[in-house]
Each structure stands twice: as structure tokens, then as C-alpha cells.
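Undergrad: Need a 3D model of the sequence below.
(chains A, B and C)
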Amino acid sequence: MLAAAQRLRRSTDFAAAIRGGRRVGRGTVVVHLFVHEPAQATTARAGFVVSKAVGNAVTRNRVRRRLREVTRDRLAGLPAEAMLVVRALPQAASATYDQLGADLDAALTAVRRPRRPR
RNA sequence: CGAGUCGGCUGGGCGGCCGCGUCGGCGCCUUCGGGUGUCGCCGAGGAACGUCCGGACUCCGCAGAGCAGGGUGGUUGCUAACGGCAACCCGGGGCGACCCGCGGGACAGUGCCACAGAAAGCAGACCGCCGGUGCCACGUGUGCCGGUAAGGGUGAAACGGUGAGGUAAGAGCUCACCAGCAUCCCGGGCGACCGGGGUGGCUCGGUAAACCCCACCCGGAGCAAGGCCAAGCAAGACCGCCGGCCACGCGGCCGGCGGUCGGCGCAGGCGUUUGAGGGCUGCUCGCCCGAGCCUGCGGGUGGGCCGCUAGAGCCUGUCGGCAACGGCAGGCCGAGAGGGAUGGCCGCCACCGAGGCGCAAGCCGAGGAACAGGAUCCGGCGUACAGGCCGGCUCGUCCG
RNA sequence: GCGCCGCUAGCUCAACUGGCAGAGCAGCGGACUCUUAAUCCGCGGGUUGUAGGUUCAAGUCCUACGCGGCGCA
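TA: Next comes the predicted model:
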């Protein structure tokens, strides 16, 4: 699980991460990563979006808890000024924990690789 | 043993590692708002669900009268209340246990009953039947007057049913039995109602989940209720359109224009015993309050704390009651977050189990394990649900 | 939290106060044409979202449920 300080909660945070960041979809998840958070940031933070298309309340909670658990291990590999938003697609409802982890890994490596290196 | 019916309980357990949330203790830091580390307690359901009802609580309103509107509908009880529950009554279904029923009123009134049929509600008569009588092309003809409603036919439904007497033909016209209505009396029951007897005229369709009538109930809003504190007049939030740039996978960024909201400010107008405006949360009468109200322009905030969980509470025992339920005694404290905490990995036990091994008892065993997540709190109802356990009763068969 | 609407043929919609469920497009067949389109003729297609009830009779009235959508705070 993630500590409260590592979570995105405000809608303005979500808006900033989604609008300012790069987006990559892999399998069951879509990832938005934004690495330009202001200087007072002390740790990378992550938030989750699980819409009603995924399932009922129990299913959505389970997906979100698994995503939090999966993200916890990967968050240390991100810079401290990173904001990450993980959005679950409807197929995430039937995915296993390992599938979610694999999709998240693939998405993270893709989103961190510059499309056009300077 | 088989078939059935009713009711109750349960909704995996133990453990390891890594984590999460509220609260409390301690340490450290602090801009005194809090942050952080560590330890400890506690941490989703029988439906937490749907939101169909009822309450608690909070704010607003609360001279009065009338009208409108909504709801309920056998009786008696239970309850804080209910459209809920219990017992009983009536009607229907079942051999039975038992189940189902929005189950007041159709002589207060209005409406409707398609098609068919002569006629669909208040009487009437199409084909008929019978009596009298007229005409002629005298026949199985036709017309008129009268009496009938047994028979035919239509329909979901046709003005009591069956039998006998009676008659020109018939008819509750008369009689017997039955059904039903009205009314009276007796007995039982708190009551719905039940049982019995007498009298009357012979007899009156359905629909109120059509309007309606009757009886009873209902003020409005909802924890985003509501209260306190802080900041604050600044260039805000959201929506739409247009243009440019970037991406080219829905999109993003910038600029402009327009609109809505906005507890504050400015301006103008109308008012302050000659009464603006407002209230009696729909309307009218009537009554009351009353010094502010309306319009335009500019245009801020959306943070914190309380409410917030000890309650019509749960468990056990006992007493009253057929029961729902209630009284008494003892014990217990069981989430309180504020975009939302229960997760991940694994082991063992228990449950189901495709299949395999074995002569058999049995053994091994892939895999599976439902419906579903608190958001102010309770009481119900409704709906979803893998399985498992217990009990009452009924019918059938066999044995004693 | 409060309260509102819809569900009818493959698609878009009708059916007035209960009385034999219909139209347009689409589909199929035929005609016209050298062929296609257009046009004309004909045809099929429905548990009226589900279940139950009221009624002689239900798309319509009542109750419960399911699905989809909307509004206000």
C-alpha cells in the first residue's frame, strides 16, 4: 500500500498530471506521468482512476487496491518530482495481480523513454 | 425411505511476511495549522445494495377557516412510527401440512361495457309461441290488434335455478327444494364475523388498480440539514463559440468573445403611519409582520472545527403474552473516514470436486468457493446470493 | 441526499380517454433497364424490457424488478 503522502488526492493534482504529462496505454492500464512538479516535492506521488465502466463498487475497490500495491514497488524508481496517474481499463476487472504488474511495468518503461531524444 | 411444506442459523478457520485507516501513548521537528517515527487498541454486511416506506435529528414555518393535493384500506393487537409485523376473519387454491389476496362502498351520484346481439341496465322484444281479426294470386301466403318470454341465436356477462301444478300460449302466477337480497330475534366473539330461527317481496349485472364517496393519516426541506471560526473584494469556478500552435489515438496549450453562479461593493429607482415588500411553503378569505425592496454594473471565497456516533443498541437469563412484542435483572462497547482505510504474497486445516489408483474399505487429486463495501443514524420492505447446518409439520410406502 | 423520464419490427418513431399493434427507412422477391441507381408492385418480420395482478379484454391501469438516461442541492 501507499502512504498518504505518496497519494494524489486533489482534483487539481489529477488535472495537472493528466494535462501536463505523457500518456501511454498498455493492456489493462493507461499511465500519465508528469515530472515537472514544483521544487517542494519530497517524494514521487501516484493517483488512481477507476471508472464505473470497470465494474461495481467491490470490483473497483479491488482493482484500485491491487494497483496501489503494484505501484508501491515501482514508485521508488521514479524521481521525486514525479506525478503518476494510473487509469484502469475495463479489462483490469478480470486481470490477475501479476498481469497488472506486467502491464504497469511495460507502460512505465514506455512513458519514461523519450519519444524524440534531444 | 421417498415426496413436500414452513421456519431459524451460518456466510470459512488458524498462522507467517510486507503494507493501509481512525484514535491514544511516547520521541523528534514545527511557520503552532500540523508533520513524522514508533508502540498499542480497534477497523464493513446479511443484505452495508436498491432507495419503496416510516421515524430520530436539524433548520425554516406555525391566529384561524375553507378549498385543493398526497397516502392508506377486513378486524384486533404490536410499535417511536409505518404502506411493516403477529394472530384471527372472509374469499380462492391444494388430499394435506400450507399457500395466495391494494380484502371499505356499485340502491350518493357520474362515466364505460368494443365486436356480436332485438336489447348491455331500464326497461324493452329480433326470430318465435298463442288468441282475435282483415285481404287475396287460397298458400308452408300476407297485414293489423292484443297476450307472452318457455324455446332459438349473440356475448365475458341477458333480469334467479331445478321439478311439479297451471294456461290459448306462457310467466314466482302458485307450490316444494336450493341460491341470493332486505329486515327482525336468539346465542357465541373485544371485533371482523360465525351458528340458529322467523318474516317479506319473489330477485336487483360488472367495473372504484375509471371519476368518485366514506373512514383514518400527512407542514416544508434535508447532515451538501445546521452551527462556529478563519481568510477575503482580488480577477474566480463552470459552460459554449471562434482563432492559432502542438500532437494526430480520443486530446493538450495559448488568446479572444459570450453566458450562468457569485454571502461583498458601487450606482439608480420605489418606499418607511398615503405601507415598498413579505409571511401563513399550492390557492382563496382573513389575519399578521413590516423598513427595507427591486434593477443594473463590477465581482471575492469554496478552507478548518463541530454535528459524528452510547443507540427505539447488543448478549444472556427470567416473567407476561398463542404470537408480533413488552417488563425486569446482569453483562458488553462494536468503524467514524471526508475522494474515502480491510490489500498483496504464501502455508496448513475444513468444504465441494473433473479425473486417476484399488477386488473392496479406501487413497491421491488438477481446480473451485456466491451476492456484494459503510459516508448522519435507526425500524421495515424489496431485490441478489456458492454452499453448509438445525428444527417443526404434512402426504405416501414399508416394518414393528 | 432529493425527484424525474424512457424501454414497441434490424433502426427511428406512432397507437386519442383500455377494444384485432402500425408508418418510414432497411431486408427479401418481382417489374422496368444492356447493367446499376432511382421508380413501381408484392412479401416477411413483434413473448410491446421482465414477472405478477385488476378487468370479459392490458402496449395502455396497479405492484415489484432490470436496463438506459436526465435534473437540483
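
Undergrad: lowest-confidence helix or strand of chain A?
TA: Here the helix or strand of chain A ranked lowest by mean pLDDT, DSSP states H and E is helix A:11-20, holding a mean of 66.

Undergrad: That one: what's the following helix or strand?
TA: Beyond helix A:11-20 in the direction of the C-terminus, DSSP states H and E gives the next helix or strand as strand A:22-26.

Undergrad: Might one say that residue A:108 is in contact with residue A:31?
TA: Yes: with contact defined as Cβ atoms under 8 Å, residue A:108 reaches residue A:31; the gap is 6.4 Å. C-beta: built from backbone N, CA, C; applies to glycine.

Undergrad: Return the residues in contact with the residue most central in space within chain A.
TA: Residue closest to the mean C-alpha point of chain A, counted by Cα atoms, centre = their mean, is residue A:86 at 2.6 Å. For residue A:86, the contact set (Cβ atoms under 8 Å, 6 or more residues apart in numbering) comprises A:29-32, A:46-49, A:67, A:71, A:104.
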